[in-house]
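Asker: sequence and predicted structure below; questions after.
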Amino acid sequence: MSSVLGSATTDQNPTTAGAYRPISTHLAITPPVSVVIPAMNEAENLPYVFKTLPDWIHEVVLVDGNSTDDTVDVARELWPDVKVVEQRGKGKGDALITGFEACTGDIIVMVDADGSADGNEIVSYVSALVSGADFAKGSRFANGGGTDDMTFIRKMGNRALCAVVNRKFGARYTDLCYGYNAFWRHCLDKIDLDCTGFEVETLMNIRVVKAGLKVQEIPSHEYLRIHGTSNLSAVRDGLRVLRVILRERSNRRALRRRTQPSPMLDTVRGEVS
């Protein structure tokens, strides 16, 4: 049995039982899980975000983007052990990179602060990772996923950009611009994130493919933002995503020349335990 995966119901060695933490009725794991939440003026939404986070999480890292409301105080009230990190730069990409650097867990989960993500889905992401995936990528368009938040224009834009990425880099994604993902910490050494805006998720999706990491899509439902308005601009940020895609060089031919097939070709879509 994997050193990170155990049965939550079977007897365990007394010397190691303490290392396992049950995350569902049939699964216990040993690697600590960190959740990164980038937030700016999300005090009203944080109660909805935190109430769905599972209690077996190792730590929650809240990256505060210079909020002018009670975001930090509310987070500390809801999750007393929350690690608050001040963002010095600007943009979602910068916030996530700041949060990743502050994490101490072996597994990192990205969760938006607007209440659109259901923390109960984290167990599906973590299950995929301890079962062999390097990167668990949320998808609103895999079987079982959905969205209440995307307009028709955004759906068409996401589909077109996703098709370009699949064609250029040999991926099989069903969704591209989605912020609910999880991965092993070691992935950060291979994808070298260097962008600051909303295009960060696209850059991650491209570079995990280029690095030959094993990706598994996880069906996810995106709910409407509960309070406030999003900083996302469909046109402005769509163009930033397109520039990232065009700027990145494809190594698809190099991956094909490997003696072993690309792990991406084994990607399993939408398995949820």
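Answerer: Thanks, I have the structure now.

Asker: all helices of the stretch 101-250 of the chain, in order?
Answerer: 122-130, 152-169, 188-191, 200-210, 234-247 (DSSP state H, counting those that start in this stretch).

Asker: dump the ones you listed to a markdown table, plus distance to residue 19.
Answerer: The way it works is simple: take the backbone N, C-alpha and C, and place the C-beta from them, glycine included. Formatted as a markdown table, those follow (distance: least, Cβ to Cβ, whole Å):
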| stretch | distance to residue 19 |
| --- | --- |
| helix 122-130 | 13 |
| helix 152-169 | 38 |
| helix 188-191 | 24 |
| helix 200-210 | 28 |
| helix 234-247 | 40 |
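
Asker: three-state assignment of the closest residue in space to residue 188 that isn't next to it in sequence?
Answerer: Leaving aside its chain neighbours, residue 188 sits nearest to residue 100 (6.0 Å; criterion: Cβ to Cβ, 6 or more residues apart in numbering). Secondary structure state of residue 100, per DSSP: H, G, I helix; E, B strand; the rest coil, is helix.

Asker: give me the neighbour count for residue 77.
Answerer: Neighbour count for residue 77, taken as other Cβ atoms under 10 Å: 13.

Asker: host element of it?
Answerer: helix 71-78 (DSSP states H and E).

Asker: so what secondary structure elements neighbour that helix?
Answerer: helix 46-50, strand 59-64, strand 83-86 (3 or more Cβ pairs under 8 Å, 6 or more residues apart in numbering; DSSP states H and E).

Asker: nearest to residue 141, of these?
Answerer: helix 46-50 (23.0 Å; Cβ to Cβ).

Asker: got the helices of the stretch 101-250 of the chain as a markdown table, with mean pLDDT and mean neighbour count columns?
Answerer: Shown next, in a markdown table, are these (pLDDT from 0 to 100; neighbours: other Cβ atoms under 10 Å):
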| stretch | mean pLDDT | mean neighbour count |
| --- | --- | --- |
| helix 122-130 | 95 | 24 |
| helix 152-169 | 93 | 16 |
| helix 188-191 | 94 | 14 |
| helix 200-210 | 95 | 24 |
| helix 234-247 | 86 | 16 |
